[in-house]
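**Student:** For reference, the sequence and a predicted model appear below.
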Amino acid sequence: MTGAWAAMQRVFEERERQEIDEGRVARLAELAARVRELSELVILSQADEMEIAAVTREIELLTARLAAAGRGIPPSAEVGDGGVVRQLGSPVTGLLNTLAPPIEIRIGDDGTARSEFTLGLLYEGPPGFVHGGVSAMILDHLSGCAASANGTPGMTAGLDLRYRRPTPLGVPLSAEAKAVRVDGRKTFVDSRIIGPDGRATAEATAVFIMPTR
Ligand SMILES: CCCCCCCC(=O)SCCNC(=O)CCNC(=O)[C@H](O)C(C)(C)COP(=O)(O)OP(=O)(O)OC[C@H]1O[C@@H](n2cnc3c(N)ncnc32)[C@H](O)[C@@H]1OP(=O)(O)O
């Protein structure tokens, strides 16, 4: 795995050199939030065909306007509190990624990674409930943060999931993850998503392995 590790380090170092302008990030986060609303309306809007065509054309023009300024690299690889990487383009936590819910993660004094969030229609699997792959993505990422906070970061080598009951859409959920064991290069992390009634809807055990350099 020498190649993958070295490649990741190169990308990380390149991104770390960037100055992150917080004012600009706030503006972009606002743009991303508006695009998320738009994405939901693509599914839900009752607009007629002519209106849909007109809106599509307007969006093409807006996209061309942003593209005209050119493309840079993702403003991302800052290490935040508790050693958690702040990835503004992450599909889970990225404020600037319109596919991300996005989920804010904090690390407790005991090393537990925690988050509270509500998942809307864009994350639906079974009607009215969260897609199992979305739950897996959230638990994978949260567990990775817990491994990092434990001082033993790594790549997900395995994610063993148990879906206990359907995870509801549109209501406040929470999730937590904690490193429970380290064995050489392997870190084992337990995690769960908790529904509004306080019961776990999904539980996972993940193993993270630090690639050999
Ligand atoms: C802070 C940001 C959080 C972000 C979280 C997001 C996490 C991600 O999405 S990571 C992306 C998804 N994961 C990947 O792409 C990983 C792809 N796989 C790899 O790169 C490699 O297989 C890697 C690095 C995991 C392990 O490779 P390698 O170092 O060659 O491991 P390998 O030598 O085979 O195994 C090392 C040990 O782990 C064990 N092991 C391997 N896989 C597993 C597993 N799934 N479960 C338990 N043990 C395992 C082996 O048996 C071996 O044990 P021992 O040392 O006791 O003999």
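**Tutor:** Received, thanks. Numbering: from 1, shown residues only.
**Student:** Those residues of this structure touching the ligand, which are they?
**Tutor:** Listed as neighbours of the ligand in the chain under the rule CB under 6 Å from any ligand atom: 1, 4, 84-85, 140-141, 144-145, 148, 155-158, 184-186, 207, 209, 211-212. For glycine as for every other residue, the C-beta is placed from the backbone atoms N, C-alpha and C.
**Student:** In helices only, show me the residues you listed.
**Tutor:** Here DSSP state H is the test, and these give A4, D140, H141, G144, C145, S148 as lying in helices.
**Student:** Can you convert those into TSV and add a column each for pLDDT and neighbour count?
**Tutor:** As requested, those are exported to TSV (pLDDT from 0 to 100; neighbours: other CB atoms under 10 Å):
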residue	pLDDT	neighbour count
A4	79	11
D140	98	19
H141	97	24
G144	96	25
C145	95	27
S148	93	22
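**Student:** Which members of these are the farthest-apart pair?
**Tutor:** Using CB to CB, these reach their maximum pairwise distance at A4 and C145, which is 20.0 Å.
**Student:** Partner strands of the longest strand anywhere in the chain, with direction?
**Tutor:** Across the chain, the strand with the greatest residue count (assigned by DSSP state E) is strand 172-183. In its sheet, strand 172-183 lies beside strand 113-118 (antiparallel), strand 186-194 (antiparallel), with partners assigned from DSSP bridges.
**Student:** Would you mind pulling the contact partners of that strand?
**Tutor:** Contacts with strand 172-183, where a contact means CB atoms under 8 Å, 6 or more residues apart in numbering, come from 103, 110-119, 138-139, 142-143, 145-147, 149-150, 152, 167, 187-196, 201, 206.
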